[in-house]
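Peer 1: this one's sequence-less:
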């Protein structure tokens, strides 16, 4: 064990965090936050934008996000602390950059669970329309918050059962799709999901890259694994392996399901592009027409339950971030309090903020669109600072001796270029919200200096 890990372990004992998570628990949290069937909601949009090459989009997106996962793996080994990118930027770029990284990640960790809760409420309302979607949304917040307050180990166990259900549903879809393809043949060419369907002209790399900027959002949340670094039994190397494994597994699942549903899709990418209203339900429509309504309903129920527990993982990660920032006095000190190894004050604070955001959106017809449009900028800005932290820690400050030009300069440099490019491609609303949040963070930082 390195000196850094020894120091972190001692800090755990002083502050009451309990090391009880294993490799499987970390992967469960990461996959829960991502959701194994995350492409369901954006399949139609990606199919239209990529000219039908939707599986290729996810291949490229997995490789692109691999740079971020690699940078996380580099930093978690030397800074195994709760707070993840907040802690990494502090040691790699300085305390002020650490605050900015944590502040921007907070926007992501608070709003992504709100989106997931709202999605769960909408799905449950569609199944039981007699109950308002905001009631379902609030119920999902209460249930998952109680599980998180019970303890990270209990939440991980329940999360594992929910994840197992989602994987089973995904496997049922895969088997059903293969049976239909063997019996009836494909609606599109077998190679079209990896090239294009030929209805919008010849293959266009620019169309694929444009779709990748949307697809990378399906992976947001895998980085939550790093926030549990102080609660892992067995050292930080286990966290690094879990990060890389989770991203690779998610990529395989995403490519497989989008490849199969693209073959079943009776509507061409050109028609989807001409009718944006059909893009949101394209995955369900393809399943309904080719397999049957029973699978449509099964996928819908799985998404409803899975979304709530994706929010559970996100809420847990947000609580650890608030805990770490409170411990370093960058947020109110009360957030760093623990009870029986659980940062309950930080979790409750996260739950309240998320409930307010989700409840507000649940009462608006455009609430989901408003939330979705802004969740990505915070995470992508934090990812950019993460890559800069790798360069700063290893190559500039040389904390670990002679740096490796490809691990500590090339990979994070490419990763930063990718995340900046995606930020540039984000919606104007998202960019404005991100900029306003950054300005507020700057004012908080200035205020802290004045009272320092």
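Peer 2: Everything's here; your move. Keep in mind the model is a prediction, meaning the values are calculated, not measured.
Peer 1: report how many residues lie close to the closest residue to residue 291 other than its chain neighbours.
Peer 2: The shortest distance from residue 291 to any residue other than its chain neighbours is 4.9 Å, reached at residue 176 (Cβ to Cβ, 6 or more residues apart in numbering). Quick note: C-beta positions are derived from backbone N, CA and C, even for glycine. Neighbours of residue 176 under the rule other Cβ atoms under 10 Å: 19.
Peer 1: do the one 4 residues further on as well
Peer 2: Using other Cβ under 10 Å, the number of residues around residue 180 comes to 20.
Peer 1: helix or strand: which one has it?
Peer 2: Counting by DSSP states H and E, the element that carries residue 180 is helix 152-184.
Peer 1: helices or strands next to that helix in the packing?
Peer 2: Packing contacts for helix 152-184, counted by 3 or more Cβ pairs under 8 Å, 6 or more residues apart in numbering; DSSP states H and E, involve helix 23-34, helix 133-150, helix 236-264, helix 282-290, helix 293-327.
Peer 1: following element in sequence after that helix, please.
Peer 2: Later in the chain than helix 152-184, the nearest helix or strand by DSSP H and E is helix 205-215.
Peer 1: buried ones in stretch 436-446?
Peer 2: For stretch 436-446, the neighbour count (16 or more other Cβ atoms under 10 Å) marks 437-438, 441, 445 as buried.
Peer 1: what's the answer for stretch 319-334, then?
Peer 2: 319-328, 330-331.
Peer 1: turn the residues you listed into a markdown table, including pLDDT and distance to residue 228.
Peer 2: A markdown table is the format used below for these (pLDDT from 0 to 100; distance: Cβ to Cβ, whole Å):
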| residue | pLDDT | distance to residue 228 |
| --- | --- | --- |
| 319 | 85 | 10 |
| 320 | 83 | 6 |
| 321 | 83 | 11 |
| 322 | 87 | 14 |
| 323 | 86 | 11 |
| 324 | 84 | 11 |
| 325 | 86 | 16 |
| 326 | 87 | 17 |
| 327 | 86 | 15 |
| 328 | 82 | 18 |
| 330 | 84 | 20 |
| 331 | 84 | 19 |
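Peer 1: ok, these vs residue 384, which is closest?
Peer 2: Proximity of the buried residues of stretch 319-334 to residue 384 (Cβ to Cβ) peaks at residue 321, which lies at 17.0 Å.
Peer 1: who's in contact with the closest one?
Peer 2: For residue 321, the contacting residues are 82-84, 86, 102, 105-106, 109, 227, by Cβ atoms under 8 Å, 6 or more residues apart in numbering.
Peer 1: closest to residue 258 out of those residues?
Peer 2: Of all those, residue 109 has the smallest distance to residue 258: 26.5 Å, by Cβ to Cβ.
Peer 1: give me phi/psi at that closest one?
Peer 2: When read as degrees, to the nearest 10, the backbone of residue 109 gives phi -70, psi -20.
Peer 1: distance check, it against residue 408.
Peer 2: Separation of residue 109 from residue 408 (Cβ to Cβ, to the nearest Å): 27 Å.
Peer 1: who has more neighbours, those two?
Peer 2: residue 109 (32 against 22).
Peer 1: hmm, that one is touching residue 313, no?
Peer 2: No - the pair residue 109 / residue 313 is not scored as a contact, 10.2 Å apart, by Cβ atoms under 8 Å.
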